[in-house]
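> Following is a predicted model, sequence given first.
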Amino acid sequence: MANVSREEVRNLLDMPLLPLLDRARAVHLKHHQGNEVQLCTLLSVKTGGCPEDCSYCPQSSRYDTVVGAERMLDVAQVVASAARARELGATRFCMGAAWREVKDGPAFERVVDMVRGVKSLGLEACATLGMLTESQAVRLKEAGLDAYNHNLDTSREAYRSIITTRTYDDRLRTLQNVRSAGISVCCGGIIGMGESLEDRAELLHTLANLEPQPESVPINALVAVEGTPLEHMPPVDPFDLVRMIAVARIVMPHARVRLSAGRSTLSREAQAMCMFAGANSIFYGEKLLTTANPEEAADLDLLRTLGLSTLAPNTDAAPATA
Ligand code: SAM
Ligand code: DTB
Ligand code: SF4
């Protein structure tokens with residue numbers, strides 16, 4: 001549903017829930033295996049001390065949170081984590097760094113080596129490192145990076161009240177650089193930051209009108225972390241998350257829609273409904289970047305209970321030796 005208007009997106013968000021689910025499920029079944037979920041494991045390779053002021057983020061150095069600035073991980077540590085994630089059933093591995101932007105030099109070279117290491121395990125490799133130039137994107141592509149995560153987070157309008165240290169256009173520019181390098185785009189947002197329904201519609205409208213549409217769309221529910229400006233936001237209504245996922249599925253039929261941050265406080269039933277609405281990936285592993293996520297065993301149990309299967313691993317890859 002490219003060229004969808006903002007009004008159409010808004011009308012979808014306003015639909016009664018059950019007919020909305022009917023539509024989303026029909027789109028889902030037309031374009032995806034309805035019983036298949038991808039497990040993606042996250043690892044923070046450089047934690048905390050970030051100069052940006054994203055109001056939701058515990059890694060910003062401007063807020064006093066439990067997350068402190070840490071040294072960057074070694075390549076071997078990252079490859080070992082990726083190998084473990086693969087053993088536990090993940091097929092995609094995403095490396096995050098608390099950077100405003102990528103700077104050329106030893107730290108970037110280390111990330112390039114991390115990507116090579118993760119790829120050698122046969123995993124899909126994704127990274128989220130902040131702003132990226134086109135030549136840096138090309139370097140990551142050459143190292144084998146499959147996808148780059150860079151979220152628009154919310155509407156252009158609401159963005160200004162959440163982050164002041166960069167602009168929506170900065171974000172769009174990085175997404176363009178990622179595209180030009182031939183890396184697939186992972187781009188989504190967060191609900192529960194005090195945004196209006198209009199802002200949510202605007203975000204989905206912007207995402208759906210990217211050309212081409214993102215291959216991967218993470219929908220996060222705010223994890224309200226003590227010490228951040230958003231620490232007192234009320235929890236997201238699970239039905240709002242279901243709606244957001246359903247509309248994302250309808251307007252971006254080919255995308256892998258990821259039920260992302262916020263699952264720790266979501267019931268099993270609500271998670272099931274999100275998957276019915278079109279989410280076909282979860283973050284898997286007991287930590288997201290710095291906050292809690294359900295334990296692996298609980299997730300596998302949930303998938304088993306629902307009769308869902310996980311995306312099969314790439315068996316051509318070298319055995320894990322790290
Ligand atoms: N520093 C890089 C950047 O901001 O692009 C990459 C890492 S950043 C932590 C990746 C994404 O995580 C953010 O764009 C945001 O959407 C999401 N995120 C961060 N903190 C969150 C929170 N407390 N709750 C939900 N999502 C969050
Ligand atoms: C995304 O949209 N969500 C993930 C991933 N992309 C990198 C990150 C969620 C982070 C939640 C807060 C934390 O654990 O620090
Ligand atoms: Fe830094 Fe990314 Fe957190 Fe913003 S979201 S403060 S850029 S780590």
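Everything's here; your move. Ligands and ions are numbered 1, 2, ... in the order given.
> how about the residues of the stretch 51-200 of the chain near ligand 2?
58, 94, 96, 128, 149, 151, 188 (CB under 6 Å from any ligand atom). Glycine gets a C-beta too; all of them are placed from N, C-alpha and C.
> helices or strands up against the longest strand anywhere in the chain?
Counting residues, the longest strand in the chain under DSSP state E turns out to be strand 36-46. On a contact count with 3 or more CB pairs under 8 Å, 6 or more residues apart in numbering; DSSP states H and E, strand 36-46 meets helix 75-87, strand 92-97, helix 106-120, strand 279-283, strand 309-310.
> about what we covered before: and of the residues of the stretch 51-200 of the chain next to ligand 2, the nearest to V247?
G188 (12.3 Å; CB to CB).
> in what helix or strand does the residue nearest to that closest one when sequence neighbours are not counted lie?
In this structure, G188 finds its nearest non-sequential neighbour in P218, 3.8 Å apart by CB to CB, 6 or more residues apart in numbering. Following DSSP states H and E, one finds P218 within strand 216-221.
> any idea how far that strand is from the chain center?
5 Å (CA atoms, centre = their mean, to the nearest Å).
> List the buried residues for it?
Neighbour-count burial for strand 216-221, counted by 16 or more other CB atoms under 10 Å, picks out 216-221.
> Ok, stretch 155-166 next?
155-156, 158-159, 162-163, 166.
> can you give me the helices in this structure?
For the chain, the helices defined by DSSP state H occupy 6-13, 17-31, 75-87, 106-120, 134-143, 156-162, 168-180, 197-208, 238-251, 268-276, 296-306.
> Stretch 266-285: which residues count as buried?
Buried residues in stretch 266-285, counted by 16+ other CB under 10 Å: 266, 270-285.
> now stretch 221-238
221-225, 228-230, 233, 236, 238.
> what does it rub up against?
Residues from elsewhere that reach stretch 221-238 (CB atoms under 8 Å, 6 or more residues apart in numbering): 55-58, 60, 63-67, 190-194, 241, 260-262, 264-267, 270, 273, 288, 291.
> Can you select the buried ones among these for me in ChimeraX?
Listed next is the ChimeraX selection for buried residues among the contacts of stretch 221-238, using 16+ other CB under 10 Å:
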select :55,56,57,58,60,63,65,67,190,191,192,193,241,260,261,262,266,270,273,288
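> re the thing from before, mind checking pLDDT for the residue nearest to G188?
pLDDT for P218: 98.
> before we move on, what about P313?
72.
> A322 too?
38.
> follow-up on the earlier one: in CSV, list the C-alpha atoms belonging to the strand holding P218.
Coordinates of each C-alpha in strand 216-221 appear next as CSV, following Å, rounded to 0.1, in the frame of the first residue of the first chain:
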residue,chain,number,x,y,z
SER,A,216,11.9,-4.3,8.5
VAL,A,217,9.7,-2.2,10.8
PRO,A,218,10.3,-2.4,14.6
ILE,A,219,7.3,-1.2,16.7
ASN,A,220,8.5,-0.4,20.2
ALA,A,221,6.4,0.3,23.3
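> I'd say G34 and A26 touch.
No - the criterion here is CB atoms under 8 Å, and G34 misses it with A26 at 10.4 Å.
> before we move on, back to that, in a markdown table: the helices and strands packed on strand 36-46, plus distance to ligand 3 and mean pLDDT.
Shown next, in a markdown table, are the helices and strands packed on strand 36-46 (distance: least, CB to the nearest ligand atom, whole Å; pLDDT from 0 to 100):
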| stretch | distance to ligand 3 | mean pLDDT |
| --- | --- | --- |
| helix 75-87 | 17 | 97 |
| strand 92-97 | 7 | 98 |
| helix 106-120 | 14 | 98 |
| strand 279-283 | 15 | 98 |
| strand 309-310 | 28 | 95 |
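> Please tabulate those in CSV, including the columns distance to S135.
Converted to CSV, the helices and strands packed on strand 36-46 look like this (distance: least, CB to CB, whole Å):
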stretch, distance to S135
helix 75-87, 22
strand 92-97, 18
helix 106-120, 11
strand 279-283, 30
strand 309-310, 36
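> Now render those as JSON lines, adding distance to ligand 1.
What follows is the helices and strands packed on strand 36-46, written out as JSON lines (distance: least, CB to the nearest ligand atom, whole Å):
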{"stretch": "helix 75-87", "distance to ligand 1": "15"}
{"stretch": "strand 92-97", "distance to ligand 1": "4"}
{"stretch": "helix 106-120", "distance to ligand 1": "12"}
{"stretch": "strand 279-283", "distance to ligand 1": "10"}
{"stretch": "strand 309-310", "distance to ligand 1": "23"}
